[in-house]
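Asks: mind folding the following:
(2 chains)
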Number of protein chains: 2
Amino acid sequence: MTVYLVGAGPGDPDLLTVKAAGLLARADVVVHDRLADPAIVKLARPEAELIDVGKRPSRPLPQATINALLVHLGRSGRTVVRLKGGDPFVFGRGGEEAMALLDAGVPFEVVPGVTSAVAVPACAGVPVTHRGLSAAVTVVTGHRRVGEEADTDWEALARVGGTLVILMGVGQRAYIAERLRAGGLASDTPVCAVMNGTRPGQRTIRTSLERLGETPIEPPATIVIGAVAGLDLLQTTDGDGAAEGADHTTGPARP
Amino acid sequence: MTVYLVGAGPGDPDLLTVKAAGLLARADVVVHDRLADPAIVKLARPEAELIDVGKRPSRPLPQATINALLVHLGRSGRTVVRLKGGDPFVFGRGGEEAMALLDAGVPFEVVPGVTSAVAVPACAGVPVTHRGLSAAVTVVTGHRRVGEEADTDWEALARVGGTLVILMGVGQRAYIAERLRAGGLASDTPVCAVMNGTRPGQRTIRTSLERLGETPIEPPATIVIGAVAGLDLLQTTDGDGAAEGADHTTGPARP
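Replies: Here you go, the predicted model:
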């Protein structure tokens, strides 16, 4: 009996790891959330039990319940795959699930995945690091859990000056932009927001830190702030800022 | 004709993406560096031409030469896989290669990979983010290219206070620790260094920011600094700090 905490990658089934695909093909139970693309869950064998614990607003499933479910399933002797979007340890709460299994004495294994924080910008032509432009990348959530965690020191992040990748920050984007500017980040710092990254319906919007608050962005979106956000290595973006498909040969993309 | 810029992941061939494995199996040419595990290169079909451009000290191959090689190969009409350790855009210089191909009009595609910055700590039982301990993770290189890039603002990173993942920082670790402490990071901040991460010979050393400079660490190593570095979710570390293999059931691992 083993529970596998598996990163499903950013959405494209081809970006699963070989190990994740193999585990899905032999799992008895797959516990997945709403971040996992439906096409990925379909890679499980037909006999597998599928349990959707997606934390939709209309049907919240507390983390403690998910933890208890994993412990219960792990003790059943079946092969359990806990499938999580991106990587289990990049804001995936995989650490909490691992601790619950550890405390319960249920063997488990962590299978890293391609993190959306890197892959989603890449699919929009944005390298999160680039020689001469960015020698550091910070991944941070924009969503604040009231009363649970101290607010992010955005002014300090502004001083770090590398690439900022903000997950779950759409609703707070005006506030974040204001604090980054207060911290000294230039108003014309390039910003790239990728909606539905690596999925059908992917859209990219280019803007600046100054205009970020008023730029129409819908969740789920990955927001990249920094010089690299001005790059478009895949030439995916047309004049009005909407993605028009990748045409790699139309010309240079220099900031 | 297409050049694929492919992330090979942290070393374990099972952590290749499904897409990367499929591309290797049909590539005519594989251009790889020394970060790619030999077992990964062997996934290429027997007829494939293998070109090692690994930047070993004894045989440096300038990036411009690699770029020109990729353009040349791309124009030959063959299917070219440029295999890079980790993810192509996380300090992989994939952006530079993409720009060279773009400028030359050679079609290319970027295939994200599992980044070592996340997967190597995970394989040592360290989640780079964890609720209540870290709401941000910064990946940064410790290696400075003299005259090319401004030095990292380590004091600002100390203020950010999330998780720091330092790549190529072994030689600079005393200097980095000193500047982080100058920036206000506590002397007893946990540090975890993982050598040969995800490979045979993986070793984990636990220390503190205060003792980092004098802790024996050999490259290649990934250094994690922050509260999460005090976690050991896989119970991999024995009393003297050396990895003894994963035994997930020996007890809780709380900071």
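Asks: check contacts around A:G171.
Replies: Taking Cβ atoms under 8 Å, 6 or more residues apart in numbering or on different chains, we find A:G171 in contact with A:G142, A:H143, A:P219. Where you see a C-beta, it was placed from the backbone N, CA and C, and this is true even at glycine.
Asks: nearest the geometric middle of chain A, what residue?
Replies: A:S116 (3.7 Å; Cα atoms, centre = their mean).
Asks: related to what we said a few turns ago, just the buried ones from the contacts of A:G171?
Replies: Buried members of these, counted by 16 or more other Cβ atoms under 10 Å in any protein chain shown: A:G142, A:H143.
Asks: ok, which of the contacts of A:G171 also contact chain B?
Replies: Applying Cβ under 8 Å from any Cβ of the partner chain to the contacts of A:G171, one finds that nothing falls near chain B.
Asks: all strands for the stretch 1-150 of chain A, in order.
Replies: A:2-7, A:29-32, A:49-52, A:79-84, A:108-111, A:136-141 (DSSP state E, counting those that start in this stretch).
Asks: with mean neighbour count added, can I get these in JSON lines?
Replies: Listed next are the strands of the stretch 1-150 of chain A as JSON lines, based on neighbours: other Cβ atoms under 10 Å in any protein chain shown:
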{"stretch": "strand A:2-7", "mean neighbour count": "26"}
{"stretch": "strand A:29-32", "mean neighbour count": "23"}
{"stretch": "strand A:49-52", "mean neighbour count": "14"}
{"stretch": "strand A:79-84", "mean neighbour count": "26"}
{"stretch": "strand A:108-111", "mean neighbour count": "24"}
{"stretch": "strand A:136-141", "mean neighbour count": "25"}
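Asks: how about the contacts of A:G171 in JSON lines, adding distance to A:V41 and pLDDT?
Replies: Shown next, in JSON lines, are those (distance: Cβ to Cβ, whole Å; pLDDT from 0 to 100):
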{"residue": "A:G142", "distance to A:V41": "28", "pLDDT": "88"}
{"residue": "A:H143", "distance to A:V41": "25", "pLDDT": "76"}
{"residue": "A:P219", "distance to A:V41": "21", "pLDDT": "91"}
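Asks: just to revisit the earlier point, correct me, but the residue nearest to the centre of chain A touches A:N196?
Replies: No. Between A:S116 and A:N196 no contact is recorded; they are 11.0 Å apart, counting by Cβ atoms under 8 Å.
Asks: mutual contacts of these two, please.
Replies: Shared contacts of A:S116 and A:N196 (Cβ under 8 Å, 6+ apart): A:G11.
Asks: identify the residues contacting the one helix or strand A:I176 maps to?
Replies: A:I176 belongs to helix A:173-182 when assigned by DSSP states H and E. For helix A:173-182, the external contacting residues (Cβ under 8 Å, 6+ apart) are A:142, A:154-155, A:157-158, A:164, A:166, A:169, A:187, A:189, A:209-210, A:212-215, A:217, A:223, A:225.
Asks: swap in stretch A:22-31?
Replies: A:4, A:6, A:16, A:40-41, A:43-45, A:47-51, A:53, A:66, A:69-70, A:73, A:78-83, A:111, B:14.
Asks: re earlier: show the contacting residues for the residue nearest to the centre of chain A.
Replies: A:G9, A:P10, A:G11, A:G85, A:G86, A:V90, A:L167, A:G197, A:T198, A:T222.
Asks: go with 7 Å
Replies: A:P10, A:G85, A:G86, A:G197, A:T222 (Cβ atoms under 7 Å, 6 or more residues apart in numbering or on different chains).
Asks: farthest-apart pair in the residues you listed, please.
Replies: Of all pairs drawn from these, the one with the longest distance (Cβ to Cβ) is A:G85 and A:T222, at 11.9 Å.
Asks: about what we covered before: list the buried residues of the helix holding A:I176.
Replies: Buried residues in helix A:173-182 (16+ other Cβ under 10 Å): A:R173, A:I176, A:A177, A:R179, A:L180, A:R181.
Asks: among those residues, which pair sits farthest apart?
Replies: Every pair of the buried residues of helix A:173-182 checked by Cβ to Cβ; the farthest is A:R173 and A:R181, at 12.4 Å.
Asks: comparing A:G85 and A:T222, which residue is more hemmed in?
Replies: Set A:G85 next to A:T222 and count neighbours by other Cβ atoms under 10 Å in any protein chain shown: A:T222 wins out with 29 against 25.
Asks: what helix or strand is the more buried one located in?
Replies: Assigned by DSSP H and E, A:T222 falls in strand A:221-225.
Asks: mind checking the pLDDT average for the lengthiest helix in chain A?
Replies: Counting by DSSP state H, the longest helix found in chain A is helix A:63-75. Model confidence over helix A:63-75, given as mean pLDDT, is 96.
Asks: what's across from A:T222 in the sheet?
Replies: Per DSSP bridges, the residues bridged to A:T222 are A:L167, A:V194.
Asks: wait, isn't it in contact with A:A119?
Replies: No. Using Cβ atoms under 7 Å, A:T222 makes no contact with A:A119, being 9.2 Å away.
Asks: how about the strand or helix carrying A:I205, does it reach chain B?
Replies: If you go by DSSP H and E, A:I205 is part of strand A:203-208. No. Using Cβ under 7 Å from any Cβ of the partner chain, we find that strand A:203-208 stays clear of chain B, coming within 14.4 Å at best.
Asks: now which of the contacts of helix A:173-182 would you call buried?
Replies: A:142, A:154-155, A:157-158, A:164, A:166, A:169, A:189, A:209, A:212, A:215, A:217, A:223, A:225.
Asks: lowest average confidence, helix or strand, in chain A?
Replies: In chain A, the helix or strand scored least confidently by mean pLDDT, DSSP states H and E is helix A:38-41, which has a mean of 88.
Asks: got any ranges where the stretch 51-200 of chain A has weak pLDDT?
Replies: Applying pLDDT under 70 to the stretch 51-200 of chain A picks out residues A:55-60, A:144-150.
Asks: in terms of helices and strands, where is A:R159?
Replies: A:R159 belongs to helix A:154-160 when assigned by DSSP H and E.
Asks: could I get stretch A:104-119 in CSV with only the CA atoms?
Replies: Extracted in CSV, the C-alpha atoms of stretch A:104-119 (Å, rounded to 0.1, in the frame of the first residue of the first chain):
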residue,chain,number,x,y,z
ALA,A,104,-0.5,8.0,10.3
GLY,A,105,2.3,5.7,9.3
VAL,A,106,1.0,5.3,5.7
PRO,A,107,3.8,4.9,3.2
PHE,A,108,3.8,7.5,0.5
GLU,A,109,5.9,8.9,-2.3
VAL,A,110,6.2,12.3,-3.8
VAL,A,111,6.4,12.6,-7.6
PRO,A,112,7.4,16.1,-8.7
GLY,A,113,5.6,17.6,-11.6
VAL,A,114,6.2,20.4,-14.1
THR,A,115,5.2,23.5,-12.2
SER,A,116,2.7,25.9,-13.9
ALA,A,117,4.7,28.8,-12.5
VAL,A,118,7.4,28.1,-15.0
ALA,A,119,5.5,26.2,-17.8
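Asks: and the stretch 101-250 of chain A, which of its residues are near chain B?
Replies: A:102-103, A:105, A:107-108, A:110, A:112-115, A:118-119, A:122, A:127-132, A:135-141, A:149, A:152-153, A:156-157, A:159-161, A:231, A:233, A:248-249.
Asks: show me just the buried residues among those residues.
Replies: Applying 16+ other Cβ under 10 Å to these, the neighbour count classes A:102, A:108, A:110, A:112-115, A:118-119, A:122, A:127-130, A:135-141, A:152-153, A:156-157, A:159-161, A:231, A:233, A:248 as buried.
Asks: check the offset of the helix holding A:I176 from the chain's centre.
Replies: The chain centroid and the centroid of helix A:173-182 are separated by 21 Å, computed with Cα atoms, centre = their mean, to the nearest Å.
Asks: just to revisit the earlier point, and the strand holding A:T222 with strand A:203-208, angle?
Replies: Per axes from the mean of the first three to the mean of the last three Cα atoms, to 10 degrees, the angle that strand A:221-225 makes with strand A:203-208 is 30 degrees.
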